[in-house]
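Q: My questions concern the predicted model and sequence given below.
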Amino acid sequence: MKTKEIYLAGGCFWGTEHFFKQIEGVVATEVGFANGHTDNPTYKEVYTDQTGYAETVHVTYRPDIVSLEFLLRMFFKAIDPLSLNQQGHDTGTRYRTGVYYTDKTDLPAIDKVFDEEQSKYQQMLAVEKLPLQNFYTAEEYHQDYLDKNPNGYCHLPLSLFEFARQAKEHQ
């Protein structure tokens, strides 16, 4: 089973992770912190907005089932792409949005979806598109948070999770 990976920062990582777990072809998710400037940050440190990290979900998927383009289109349905350092009521640089890639051959697909999204707006997208510099896994209690805490806080509406469960690339 060949897999690929992408790192997606969509605001609070609890809801972003839960959203991507619903999509057919996603085989693993892991929440953590990406593209900051300290080593081994803790959630408490990242929360200060002094480390440069974004709350990010490492998504592992099967490209024979779901394409990167489809995952990115779904990502854009789960974020406000014009909001800088804020998603929902969550504010701070740790809640910025971004797509962080590890494989340069993914860039044409990423660019294609970014161009599609940008064409919908007059204002420039506030979504980073960068190579992954670093990623540190968040503490265990953050992993699968909404599975462990079904009534836990989430900036995403519950209807979005059902939408992700039903979404198929080839319908």
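A: On my side now, so go ahead. Because the structure is a prediction, the values reported are computed rather than measured.
Q: For residue 35, which residues are in contact?
A: 52-54, 56, 98, 100, 128, 130, 132-134 (C-beta atoms under 8 Å, 6 or more residues apart in numbering). Bear in mind the C-beta positions are built from the backbone N, C-alpha and C, glycine included.
Q: hang on, I meant residue 25
A: Residues counted as contacts of residue 25 (C-beta under 8 Å, 6+ apart) are 61-63, 65-66, 169.
Q: ok, so what distance separates it from residue 99?
A: Using C-beta to C-beta, to the nearest Å, we find residue 25 at a distance of 17 Å from residue 99.
Q: just residue 49 next, same as before
A: Taken as C-beta to C-beta, the span from residue 49 to residue 99 is 21 Å.
Q: The two: who's more crowded?
A: Comparing residue 49 with residue 99 by neighbour count (other C-beta atoms under 10 Å), the higher total belongs to residue 99, at 24 against 14.
Q: ok, how many other residues are close to residue 131?
A: 12.
Q: List the residues that contact the nearest residue to it once chain neighbours are set aside.
A: Among residues not flanking residue 131 along the chain, residue 101 sits closest, at 6.1 Å (C-beta to C-beta, 6 or more residues apart in numbering). Going by C-beta under 8 Å, 6+ apart, residue 101 touches 6-7, 107, 110, 130-132.
Q: ditto for residue 85
A: 91-93, 95-96, 126.
Q: Now render the residues you listed as a markdown table, adding secondary structure and pLDDT.
A: Below are the contacts of residue 85 laid out as a markdown table (DSSP: H, G, I helix; E, B strand; the rest coil; pLDDT from 0 to 100):
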| residue | secondary structure | pLDDT |
| --- | --- | --- |
| 91 | strand | 96 |
| 92 | coil | 97 |
| 93 | helix | 97 |
| 95 | helix | 98 |
| 96 | coil | 98 |
| 126 | coil | 98 |
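Q: Tell me which of the contacts of residue 101 fall in helices.
A: 107, 110 (DSSP state H).
Q: Buried only: go through the contacts of residue 101 for me.
A: 6-7, 110, 132 (16 or more other C-beta atoms under 10 Å).
Q: related to what we said a few turns ago, can you list the contacts of residue 25 in a markdown table and add distance to residue 84, secondary structure and neighbour count?
A: Output for the contacts of residue 25, formatted as a markdown table (distance: C-beta to C-beta, whole Å; DSSP: H, G, I helix; E, B strand; the rest coil; neighbours: other C-beta atoms under 10 Å):
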| residue | distance to residue 84 | secondary structure | neighbour count |
| --- | --- | --- | --- |
| 61 | 28 | strand | 23 |
| 62 | 33 | coil | 14 |
| 63 | 31 | coil | 12 |
| 65 | 33 | coil | 16 |
| 66 | 29 | coil | 22 |
| 169 | 30 | coil | 15 |
